[in-house]
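Asks: how does the following fold in three dimensions:
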Amino acid sequence: MDSEELIRQIMAEVMANLGQDKVTFAKKAAPGAVDKTSYPLAEKMPEKVKSATGKVLADFSLDKVISGELKAEDFRIAPETLEMQAQVAESVDRDTLARNMRRAAELIAVPDEKLLEVYNALRPYRSTKAELYGIADELEQKYQCKVNAGFIREAADVYEKRGRLKAE
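Replies: I've put the predicted structure just below:
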């Protein structure tokens, strides 16, 4: 099978599965939930938009960056902020975007170096199925990334079907 035919086949499969996300999240319509009336969050509720280190928008300024008071880790978004963005997306029927926000929130705890390792391991022919399952187990157990671990296992299974795994 040539590469053009393979791309057509993959695209047909993607289009057939579009909107059939196998991963589900509980809708979190809890007290304090936000919706489209809260958007943009930075303008309507800046005190609730936080970084992973707990800083609010008012804590950010160029002077604090120059003085060294703000560090790179201060610029990471908090999972709770991504959850609010997910709730806004759901309120306008953008469920796929909401799921993506929640998947991203799950990855906040994973160090950048580990994310890069995962990315490289997921490239075709870079990993065995066992290696990908091992990565999934680590993400799930060490970082509580259950949804993303499921995606990696699913990718390993698809790579196996398509012959895209590294030879053992």
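
Asks: quickly find the element holding the most centrally placed residue in the chain.
Replies: Taking CA atoms, centre = their mean, the centroid of the chain lies closest to residue 104, which sits 2.5 Å from it. Using DSSP states H and E, the element containing residue 104 is helix 95-107.

Asks: and the next helix or strand past that helix?
Replies: Toward the C-terminus, helix 95-107 is succeeded by helix 112-121 as the next helix or strand (DSSP H and E).

Asks: extract the CA atoms of that following helix and return them as PDB.
Replies: Provided in PDB are the C-alpha atoms of helix 112-121 (Å, rounded to 0.1, in the frame of the first residue of the first chain):
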ATOM      1  CA  ASP A 112       7.900  19.000  30.400                       C
ATOM      2  CA  GLU A 113      10.700  16.500  30.000                       C
ATOM      3  CA  LYS A 114       8.300  13.600  30.500                       C
ATOM      4  CA  LEU A 115       5.800  15.100  28.100                       C
ATOM      5  CA  LEU A 116       8.500  15.300  25.400                       C
ATOM      6  CA  GLU A 117       9.500  11.700  26.100                       C
ATOM      7  CA  VAL A 118       5.900  10.700  25.700                       C
ATOM      8  CA  TYR A 119       5.600  12.600  22.500                       C
ATOM      9  CA  ASN A 120       8.700  11.000  21.000                       C
ATOM     10  CA  ALA A 121       7.600   7.600  22.100                       C
END
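
Asks: any buried residues in it, and which?
Replies: Buried residues in helix 112-121, counted by 16 or more other CB atoms under 10 Å: 114, 118, 121. Quick note: C-beta positions are derived from backbone N, CA and C, even for glycine.
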